[in-house]
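> Return atomic coordinates for the entry below.
(chains A, B, C and D)
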Number of protein chains: 2
Amino acid sequence: MTQTRTTRLERGRSALGPALELVHTGRAPTRAVLTAELGVTRATAGAVAAELETLGLIRVDSRPRSATGSQGRPSHRLSIEPQGPVVLAAQVHADGFRAALVGLGGNIVATAPGRMTVPADPAHVLGEVVRAGSDLLRQTGRRCLGAGLAVPSAVAEPQGTALNPLHVAWHAGAPVRDIFTERVREAAVFDRDRPAPAVFAGNDVNLAALAEHRHGAGRGSRDLLCVATGHRGVGGALVLDGRLHTGSTGLALEVGHLTVNPEGRPCHCGSRGCLDVEADPLAFLTAAGREAGPEGSLLRQSRDLLRDEYADPAVRAAAHLLIDRLGLGLAGLVNILNPDRVILGGLHRELLGSDPGRLRAVVADRSLWGQSGSVPLLPCTLDHNSLIGAAELAWQPVLDDPLEALTA
Amino acid sequence: MTQTRTTRLERGRSALGPALELVHTGRAPTRAVLTAELGVTRATAGAVAAELETLGLIRVDSRPRSATGSQGRPSHRLSIEPQGPVVLAAQVHADGFRAALVGLGGNIVATAPGRMTVPADPAHVLGEVVRAGSDLLRQTGRRCLGAGLAVPSAVAEPQGTALNPLHVAWHAGAPVRDIFTERVREAAVFDRDRPAPAVFAGNDVNLAALAEHRHGAGRGSRDLLCVATGHRGVGGALVLDGRLHTGSTGLALEVGHLTVNPEGRPCHCGSRGCLDVEADPLAFLTAAGREAGPEGSLLRQSRDLLRDEYADPAVRAAAHLLIDRLGLGLAGLVNILNPDRVILGGLHRELLGSDPGRLRAVVADRSLWGQSGSVPLLPCTLDHNSLIGAAELAWQPVLDDPLEALTA
DNA sequence: TCGCTTTGTGCTCCGTCCGAACAAAACAGG
DNA sequence: CCTGTTTTGTTCGGACGGAGCACAAAGCGA
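The predicted structure follows:
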């Protein structure tokens, strides 16, 4: 009897995956740098780069367009193949969705927005999302290697269900990953002659953090904390060693119920003064004495207020109040997670911009150890970071083992 | 010119390390299981086991003492070589220290306690520790492959300094790792003809968690949270995928300043009602209306009280109060970290034992998502878990690459 | 005793990457 | 323009870890 091999240590034994990841994240602009980053010989790096080019994933330019200025033979330049394959990425938000085709390197190749004025059930919304995506695929004629979805809700793993999809009026526990998978398969978006790739879904803040880690403000971080607020509530995410930390059931970094104001208003969780109700756009508008508009416009409304009426003492006071509460929450998270960098998205990004010194001071004051207190606070820098993060999820199998993903 | 190799992807390319780790943690009792766990062929597993035996680390018994009951040829049994090499492990606590020689598998081969009645500076204490350890080595004649130290303080990385060594009256920022390293090198504890191995230091709760993960209540967990209290303050630790998560500067899981009682007593951190002052032995004794003894006996005093006088309504009320506060803190941590298991040490272990239902209910009630609420809460099971954890730290290089660590 | 099942062992083969020698492409200086 | 220097790319042989296969060994059950 022959032996049954249980593939366990099998994943990505060659340097192909790491090499692609280096080009993907822009850390290997030339073959010489790739050689150094991989820690292999020039011969190996050359073979690896050639194979990735053969697979149609990267481009190797032997004619460097510009002299580097340094001595020696110029190295071949490496870049993502602009006509290469894409993945289907989508983001669902309070009042609509956005579908896109995203290439390696976080390049958005094509994108299409969609609006939904009435709350619609997930099956309908995701059907529209996939229809928009497959339209884009037909128009561009690209090959599609995977699909990823960002939703404004915690996503339970391994089920792939949306647990608190507040903004989109779906029922708690909606199996968004399975629905999305089904719609994508129906649309016949992938190569017909090969096994269909896995389809992914994740929380939008988590995916924003992942995208920022690979292509934005989080580049180079080994221990990245991201905190962001959209319209209601506060979300968090942690990227450890380049991988999203989702916890054992996908529910890690649900930071909304940290206590930041013991005398604060009651929260639906039973406590009071939670970050969720003390540091989101609604809290900001209330603190500034403004009337809150419809749910899907709270972020825009807050952002406009902060930018256009910062001279108004009430607005400034509200900003300071939110900064202080956010700072308290961040300090608690820094004490627990000890990240090497913190990036802020949504309204928190604007608050940081409005008074960086104040927020840094609060965090430094309330987190232990001066060293942790000096953790850098940075704004998110990518447009559509959740969308790009959804694409990262879909690209991951290719990054892990390009050969397997493309030919096996 | 020949190429300069920068060793980067070099670590542990063969299956030797993973195999040793499986035997070390008891997950590979036989060669057949080892084959399955490694996901390699029987031939490879056989070669690997033989090599580990040659290195003197494990024992391969071809004569199984007991029939397995199942059909087929009985597999060779694998076990840690009882006469194999050891590491020097030590733990410093409020009123003394303990030195030990620890083999693979978490086996304490020899141990020696030490007492210090007056606060002593770290250089003196660690000198005594190493003296005790090298005495043990001389008595047993074992080969020593590394050294690890557990201290009741956060340890900053990569400096290896003790940031808040409250119980031992050392100055904040004492370079304990360097001092320990120096003393160990002076004592000529390692093989003379080989480069001296690295020496490690870590926080005692962190190391307890690591030990429990490999040999105790945390076995098999991928996402283990540990919370414990000794005499004063509360410590936390997280073991992710079998590795201690220390954060970017070693200060992760400083959980003492989570707010668990908004109206609580002020804490030195500037806030009030912190876990540190609301859920440690001192808080328990105070709540029970008892006079607190000397610092180094608070845990014993609390434990005795809980065991012997639980009938006393004041004691029971104090226990319930602490359980409620601890539960609030655990719920916050569960929301942030989403562990698959929580283990409790020190007084928290006893509190769990005194009323498991109450603590589980509080955590379930205050952590989001019923699913996370049902995260298992378990007591620590190992004696001297910090000590064994310190040994784990010292064993890690051997587990990562046995060949390199033993012969290179 | 004879199958049946499971595990251990001895070979060959293959893929990945190292190491070294050599070639190519730039710059600097005369 | 030519030459040496520097840096990078290329080619080829070989080491090494592990797969795959055939066969042997060691237990159970009838």
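> Only C-alpha atoms from now on, for both contacts and neighbour counts.
Will do.
> For stretch A:285-303, list every residue counted as buried.
The neighbour-count check on stretch A:285-303 (16 or more other C-alpha atoms under 10 Å in any protein chain shown) flags A:285, A:287-288, A:292, A:296-303 as buried.
> what mean pLDDT does that stretch have?
Average pLDDT, stretch A:285-303: 94.
> Can you pull the phi/psi pair for the residue in the stretch 151-300 of chain A that chain B sits nearest to?
Nearest to chain B, among the residues of the stretch 151-300 of chain A, is A:L253, at 4.2 Å (C-alpha to the nearest C-alpha). Per-residue torsions, A:L253: phi 60, psi 30 (degrees, to the nearest 10).
> how many other residues sit next to it?
Neighbourhood size, A:L253 [other C-alpha atoms under 10 Å in any protein chain shown]: 26.
> Quick check: nearest residue in space to it, chain neighbours excluded?
What sits nearest to A:L253 in space, not counting adjacent residues and going by C-alpha to C-alpha, 6 or more residues apart in numbering or on different chains, is B:I336, at 4.2 Å.
> now do A:W170
A:D121 (5.9 Å).
> quick one: buried residues of the longest helix anywhere in chain A?
Secondary structure of chain A per DSSP state H: the longest helix is helix A:313-337. Using 16+ other C-alpha under 10 Å as the test for burial, helix A:313-337 gives A:315-316, A:318-337.
> Strands along the stretch 151-300 of chain A, start to end?
For the stretch 151-300 of chain A, the strands defined by DSSP state E, counting those that start in this stretch cover A:155-156, A:161-162, A:199-203, A:223-229, A:235-240, A:243-244.
> can you redo these as JSON lines with mean pLDDT and mean neighbour count?
Listed next are the strands of the stretch 151-300 of chain A as JSON lines, based on pLDDT from 0 to 100; neighbours: other C-alpha atoms under 10 Å in any protein chain shown:
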{"stretch": "strand A:155-156", "mean pLDDT": "96", "mean neighbour count": "28"}
{"stretch": "strand A:161-162", "mean pLDDT": "96", "mean neighbour count": "24"}
{"stretch": "strand A:199-203", "mean pLDDT": "98", "mean neighbour count": "26"}
{"stretch": "strand A:223-229", "mean pLDDT": "98", "mean neighbour count": "27"}
{"stretch": "strand A:235-240", "mean pLDDT": "98", "mean neighbour count": "25"}
{"stretch": "strand A:243-244", "mean pLDDT": "97", "mean neighbour count": "16"}
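> could those be laid out in JSON lines, adding distance to chain B?
Formatted as JSON lines, the strands of the stretch 151-300 of chain A follow (distance: least, C-alpha to the nearest C-alpha, whole Å):
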{"stretch": "strand A:155-156", "distance to chain B": "9"}
{"stretch": "strand A:161-162", "distance to chain B": "11"}
{"stretch": "strand A:199-203", "distance to chain B": "14"}
{"stretch": "strand A:223-229", "distance to chain B": "6"}
{"stretch": "strand A:235-240", "distance to chain B": "9"}
{"stretch": "strand A:243-244", "distance to chain B": "12"}
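> right, so of those, which gets closest to A:A405?
A:A405 sits nearest to strand A:199-203 of all these, at 13.3 Å, using C-alpha to C-alpha.
> Which helix or which strand is home to the nearest residue to A:G293 once chain neighbours are set aside?
Excluding the flanking residues, the one nearest A:G293 by C-alpha to C-alpha, 6+ apart is A:Q301, at 7.6 Å. Assigned by DSSP states H and E, A:Q301 falls within helix A:298-308.
> Which residues does that helix contact?
A:230-232, A:281-282, A:284-285, A:292-293, A:315-316, A:319, A:346-347, A:350, A:354 (C-alpha atoms under 8 Å, 6 or more residues apart in numbering or on different chains).
> Tell me which of those fall in helices.
Short answer: these in helices (DSSP H) are A:281-282, A:284-285, A:315-316, A:319, A:347, A:350, A:354.
> Report the two of those separated the most.
So, the ones in helices among the contacts of helix A:298-308 by C-alpha to C-alpha: farthest apart are A:L282 and A:S354, at 17.7 Å.
> quick one, which of the two is more surrounded?
Comparing A:L282 with A:S354 by other C-alpha under 10 Å, the one with more neighbours is A:L282, at 25 against 18.
> need the contact list for that one.
A:231-232, A:292, A:298.
> Which single one of the residues you listed is nearest to DNA strand D?
A:H231 (48.0 Å; C-alpha to the nearest atom of the strand).
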